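Peer 1: Structure for this input, please:
(2 chains)
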Protein chains: 2
Amino acid sequence: MYFKVSKKDFLNALTVVSRAISTYSPLPAFSGIKIEAGDNVLTLTGSDSDMSIQTLVKKSEEVSLDVRDKGSIVLEAKYILEIVRKINSDDIEVEIIDGSLTKISGQNAEFKINGMKASEYPTIDFNRPNDVFTMKSDVLTQIINQTSFATSDKETRPVLTGVNFKADGTKLECVATDSYRLAKKMIEMESSLNFNITIPAKSLAEVNKTLTDGIEVQVAVDDKKAQFIIEDTLIQTRLIDGVYPETSRLIPLSFDYEMTMDTHDLLGAIDRASFIKNDGVSVIKLTMDETECVLSSRAIEVGSSTEILNSASYKGGHLEISCNGKYVFDAIKALNGQLVKFSLCGEMKPFIIQSVDDDSVLQLVLPVRTYA
Amino acid sequence: MYFKVSKKDFLNALTVVSRAISTYSPLPAFSGIKIEAGDNVLTLTGSDSDMSIQTLVKKSEEVSLDVRDKGSIVLEAKYILEIVRKINSDDIEVEIIDGSLTKISGQNAEFKINGMKASEYPTIDFNRPNDVFTMKSDVLTQIINQTSFATSDKETRPVLTGVNFKADGTKLECVATDSYRLAKKMIEMESSLNFNITIPAKSLAEVNKTLTDGIEVQVAVDDKKAQFIIEDTLIQTRLIDGVYPETSRLIPLSFDYEMTMDTHDLLGAIDRASFIKNDGVSVIKLTMDETECVLSSRAIEVGSSTEILNSASYKGGHLEISCNGKYVFDAIKALNGQLVKFSLCGEMKPFIIQSVDDDSVLQLVLPVRTYA
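Peer 2: Model prediction:
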């Protein structure tokens, strides 16, 4: 194997596939990146068995690539990334010189790295599932940003560590919950499909890092895996087994109280109160009347805070509701709108937070009981 | 106690004194900041008993301060910093409302924090030592940046965790060593003094953070403590007990070999080789001839690197020398010049690295034996 490739494109491809590689890999081979040099194309693969990423470097007018000798090798991800990142040269040459000893060189620097034969790398099935739909990259980014923060980080109920994607005709519902809060995003698809799958939040985070603005992304799913095809990159992830809980009946449909407020002001007020913690949790209380809304918090060891929410406007009778400040903060931040609307049913009932301009996304938070 | 102060100046003063506060303080009182409100001045104190910082906020044309009621209080550093940092107001009011319960308010936000009586805060002796000299802030920054990285981070020989300051007349020598490398900076003082003290590197790092460009710093020392007076801030640190080793005889005076090279190129070459490690240490080998200088490294499990140092010019016979790459990297970085000069005596002899334009600073590195 011998090829010469532009540093920029090679580094970019190595960075993309290395996202699949975990530091604590069960199989030693998975700490490497498989590099295959074919006719005018390099195929790079990284995997941790749960998630696999494959990307191509194709010779083109913009991309300089010269494959003089076809072949393949597996190189330790951290070494090859370090070398290519730091090498001070426009082009990089890669050559197998002896068995699996590989020479990487550029300008005056030359490295010889012990690789592994590509035949020892596990076989990964990259076959395309049948259910395929297309969405704009910014829509996929929105789905991920507006839901995945609400997944659970505990392994006690594995299905809650993923985002549930449920397609019913052209309607796609994406839901995440850790059972104390819930985030739901609704999308209209161009194709009509039926599926109900749960994708690990960790995989979606890596998809998000690979997305660039203004492109079309293909998504292919079956009941075992999901594939995201982002230009020359394919990200494949296993799904989470288990039945996702039916969440629609948790979401209230009619409300007695409504508070609207400037997003930036409310985030500031919650942030200011966030250091007042009981057992590591910052509980905030909203005391709402049509004349005044107040955000307060209290912890015996620390002290208390109160802040009048000047930009709030409220409809309904007197209401006091307490909840985890971080959940409300995360939810409002994810909505990413200028004005937020709280729709409430009562002191101990779940309430909904939405952006005033965008009803495709809904955040639900459960209140907590306080004795303060 | 009641005062109103501009947020900017109060936050700045809190940030400065909080640098003395350690998260793992032996005394609970030391996790707080003592605030004393006097006639048109606030005095803030933070300490971890090894190091203490006191700073003043004085009413002036630029600094708005209104002390309506004199008094003092100790407030938990992390809470008062968090409140003042996040409060959305130009001015902040601080008032003791009940015993040690303190109200901090600005715009619509109001916090009540449980403080501690100032009388319960340990007494710190801020008396000025007799030996006083003055230096420009950028000279003090240079001393710290060019030496303290070479101190030891191991407590086995405590005296090596500090920088030794030795004044003999108007000559001030500042030396740091961890016994594998040594850094030495020589300064001409305006006053004539005699002392030999060792200041903890940790304290010098905090002094460095507090320094601003273009000011005069007063330094006062005796055999127990050192004080740095930086405008309205006083940083006081204990000294390290024990006799600092005599290092001057370690430094060779005549050399048989000399290599000069561009700093940036050499830093790049060492950095590129730095991932090739044996037992966590990156050992580099310099192979020098008048025709060519080469930097190489090798680790059985990883592989090897070689790089021709194009910008090097060398005088002397064939020489191969191996050393810890990080030590050479740190030393060259600290010199901060455009061209570095290596002066060498032989394969297993300590060598010296200096900036071509500045002989006030000297870096010494011990070679290592390799069998590669």
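
Peer 1: contacts, neighbours, all on C-alpha from now
Peer 2: Fine.

Peer 1: So A:Gln354: helix, strand or coil?
Peer 2: For A:Gln354, the assignment made with DSSP: H, G, I helix; E, B strand; the rest coil gives strand.

Peer 1: After the helix or strand harbouring A:Asp66, which helix or strand is next? Please name it.
Peer 2: Taking DSSP states H and E as the criterion, A:Asp66 maps to strand A:65-69. Sequence order places strand A:71-76 as the next helix or strand after strand A:65-69, per DSSP H and E.

Peer 1: pLDDT of that following strand, averaged?
Peer 2: For strand A:71-76, the mean pLDDT works out to 97.

Peer 1: ok, A:Leu56 to A:Ala150 distance?
Peer 2: Distance of A:Leu56 to A:Ala150, given as CA to CA, to the nearest Å: 33 Å.

Peer 1: Kindly report the same for A:Asn278.
Peer 2: A:Asn278 is 21 Å from A:Ala150, by CA to CA.

Peer 1: Pull the contacting residues for the closest residue to A:Asn278 other than its chain neighbours.
Peer 2: Spatial nearest neighbour of A:Asn278, excluding adjacent residues (CA to CA, 6 or more residues apart in numbering or on different chains): A:Ala299 at 5.7 Å. Each residue near A:Ala299 by CA atoms under 8 Å, 6 or more residues apart in numbering or on different chains is listed here: A:Ile276, A:Lys277, A:Asn278.

Peer 1: By neighbour count, sort out the buried ones in the residues you listed.
Peer 2: A:Ile276, A:Lys277 (16 or more other CA atoms under 10 Å in any protein chain shown).

Peer 1: Of the contacts of A:Ala299, which belong to helices?
Peer 2: The members of the contacts of A:Ala299 all map outside helices under DSSP state H.

Peer 1: what's the closest of the contacts of A:Ala299 to chain B?
Peer 2: Nearest to chain B among the contacts of A:Ala299: A:Ile276, at 8.4 Å, using CA to the nearest CA.

Peer 1: doesn't A:Ser296 make contact with the closest one?
Peer 2: No - in this structure, A:Ile276 is not within contact of A:Ser296 by CA atoms under 8 Å, at 10.0 Å.

Peer 1: got any residues that touch both of the two?
Peer 2: Common neighbours of A:Ile276 and A:Ser296 (CA under 8 Å, 6+ apart) are A:Ser304, A:Ser305.

Peer 1: The longest strand seen in chain A: partners in the sheet, and parallel or antiparallel?
Peer 2: In chain A, assigned by DSSP state E, the strand with the most residues is strand A:181-200. Using DSSP bridges, strand A:181-200 pairs in its sheet with strand A:162-177 (antiparallel), strand A:358-365 (antiparallel).

Peer 1: Tell me which of the ones you listed is the most buried.
Peer 2: strand A:162-177 (a mean of 22; mean count of other CA atoms under 10 Å in any protein chain shown).

Peer 1: and that one, what's its mean pLDDT?
Peer 2: Mean per-residue pLDDT for strand A:162-177: 97.

Peer 1: hmm, who's touching it?
Peer 2: Outside strand A:162-177, the residues that touch it by CA under 8 Å, 6+ apart are A:143, A:147-152, A:160, A:182-202, A:240, A:244.

Peer 1: Which of the three states applies to A:Asn145?
Peer 2: Relying on three-state DSSP, one would call A:Asn145 helix.

Peer 1: for A:Glu246, that is, sorry about that
Peer 2: coil.

Peer 1: Now the longest strand of chain A: buried residues?
Peer 2: Under the neighbour-count criterion of 16+ other CA under 10 Å, strand A:181-200 has A:181-187, A:189, A:193, A:196-200 buried.

Peer 1: Quick check: of those residues, which lies closest to B:Lys112?
Peer 2: A:Arg181 (29.9 Å; CA to CA).

Peer 1: Touching, that closest one and A:Val365? I think so.
Peer 2: Yes - A:Arg181 is within contact range of A:Val365, at 4.5 Å (criterion: CA under 8 Å).

Peer 1: Name the residues contacting each of these two.
Peer 2: A:Tyr327.

Peer 1: Distance-wise, check A:Lys154 relative to chain B.
Peer 2: 29 Å (CA to the nearest CA, to the nearest Å).

Peer 1: What about that residue, how many residues nearby?
Peer 2: 10 (other CA atoms under 10 Å in any protein chain shown).

Peer 1: what does the stretch 51-200 of chain A put close to chain B?
Peer 2: Residues of the stretch 51-200 of chain A lying close to chain B (CA under 8 Å from any CA of the partner chain) are A:Tyr79, A:Glu82, A:Ile83, A:Lys86, A:Ile87, A:Asn108, A:Ala109, A:Glu110, A:Phe111, A:Lys112, A:Ile113, A:Asn114.

Peer 1: ok, the second one - contacts?
Peer 2: Pointing back at A:Glu82 there. Counting by CA under 8 Å, 6+ apart, the residues that A:Glu82 touches are B:Arg272, B:Phe275.

Peer 1: Going along the chain, name the helices of chain A.
Peer 2: Going by DSSP H, chain A shows helices at A:7-18, A:77-86, A:137-147, A:201-210, A:263-273, A:325-335.

Peer 1: Just tell me which of those helices ends up closest to B:Arg19.
Peer 2: helix A:263-273 (22.0 Å).

Peer 1: Can you list the buried residues in that closest one?
Peer 2: If you call a residue buried by 16+ other CA under 10 Å, then helix A:263-273 has these buried ones: A:Thr263, A:Asp265, A:Leu266, A:Leu267, A:Ala269, A:Ile270, A:Asp271, A:Arg272, A:Ala273.

Peer 1: Next, count neighbours for the residue nearest to the fifth one when sequence neighbours are not counted.
Peer 2: In this case it means A:Ala269. Nearest residue to A:Ala269 in three dimensions, chain neighbours excluded: A:Glu307, at 7.0 Å (CA to CA, 6+ apart). A:Glu307 sits with 22 neighbouring residues when counted by other CA under 10 Å.

Peer 1: A:Asn324 is in contact with A:Gly280, isn't it?
Peer 2: No - using CA under 8 Å, A:Asn324 is not in contact with A:Gly280, being 10.7 Å away.

Peer 1: picking that back up, what's the PyMOL syntax to select whichever of the residues of the stretch 51-200 of chain A next to chain B are buried?
Peer 2: In PyMOL, this line selects whichever of these come out buried by 16+ other CA under 10 Å:
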select buried, chain A and resi 79+82+83+87+109+110+111+112+113+114
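
Peer 1: Hmm, A:Val67 and A:Gly38 touching each other?
Peer 2: Yes - A:Gly38 is in contact with A:Val67 according to CA under 8 Å; the separation is 7.0 Å.

Peer 1: Tell me which of the two has more neighbours.
Peer 2: Per other CA under 10 Å, whichever of A:Gly38 and A:Val67 has more neighbours is A:Val67, with 20 against 17.

Peer 1: for chain A, which spans come out with low pLDDT?
Peer 2: Applying pLDDT under 70 to chain A flags residues A:371-372.
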